[in-house]
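Asker: Please work out how this folds:
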Amino acid sequence: MTIPPLSNEQRLEARHAATEARRKRAQVKQGLRTGELSLAQVLDLAEADDVIAHTKVVDTLKSLPRVGAVRAEKIMTRLDIAPNRRLRGLGKHQIAALIEEFGRAPDQA
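Answerer: You can find the predicted model right below:
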């Protein structure tokens, strides 16, 4: 089974859609970094938004203040979250544990 070739117009639309998705994910991660968004808010967004839902959990955690690659990996291991898991793939217990870990509201510093 071969994939049918895309027309130039279809290829351009796909490229544009991918660029918009990356831009949207970057905005959400920036919101986490600055404290505009809490992890709970991002998890709520992921339920309704397919673009946000496809963000990797590890990338989302690393966007939080004071969370780097090592701390994100330790948290994910402790909460039994696979390294390649995306936000939409989290179970209700994993979501509750992440919210417990990082709180509900953005930091009011």
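
Asker: surely residue 88 meets residue 57?
Answerer: No - using CB atoms under 8 Å, residue 88 makes no contact with residue 57, being 9.9 Å away. The C-beta positions use only the backbone N, C-alpha and C, and glycine is treated the same way.

Asker: Please compare these two by neighbour count and tell me which comes out ahead.
Answerer: Using other CB atoms under 10 Å, the more surrounded residue of residue 88 and residue 57 is residue 57, with 25 against 15.

Asker: So for the residue nearest to that one when sequence neighbours are not counted, what's the pLDDT?
Answerer: Distances taken as CB to CB, 6 or more residues apart in numbering put residue 85 closest to residue 57, at 4.9 Å, once the chain neighbours are dropped. The model reports residue 85 with a pLDDT of 96.

Asker: quick one, phi psi at residue 85?
Answerer: phi -70, psi 140 (degrees, to the nearest 10).

Asker: OK, contacts around it?
Answerer: Listed by CB atoms under 8 Å, 6 or more residues apart in numbering, the contact set of residue 85 reads 56, 57, 58, 76.

Asker: mind listing what's buried in the helix of greatest length in the chain?
Answerer: Assignment by DSSP state H gives helix 8-34 as the longest helix of the chain. Buried residues in helix 8-34, counted by 16 or more other CB atoms under 10 Å: 25, 28, 29, 31, 32.

Asker: Could you check the pLDDT of the third one?
Answerer: Which is residue 29. In this prediction, residue 29 carries a pLDDT score of 96.

Asker: excluding its backbone neighbours, what's nearest it?
Answerer: In this structure, residue 29 finds its nearest non-sequential neighbour in residue 63, 3.9 Å apart by CB to CB, 6+ apart.

Asker: so who does residue 101 touch?
Answerer: Contacts of residue 101 (CB under 8 Å, 6+ apart): 75, 79.

Asker: wait, is it part of a helix?
Answerer: Yes - read with DSSP: H, G, I helix; E, B strand; the rest coil, residue 101 is one of the residues of a helix.

Asker: Nice, that's everything, thank you.
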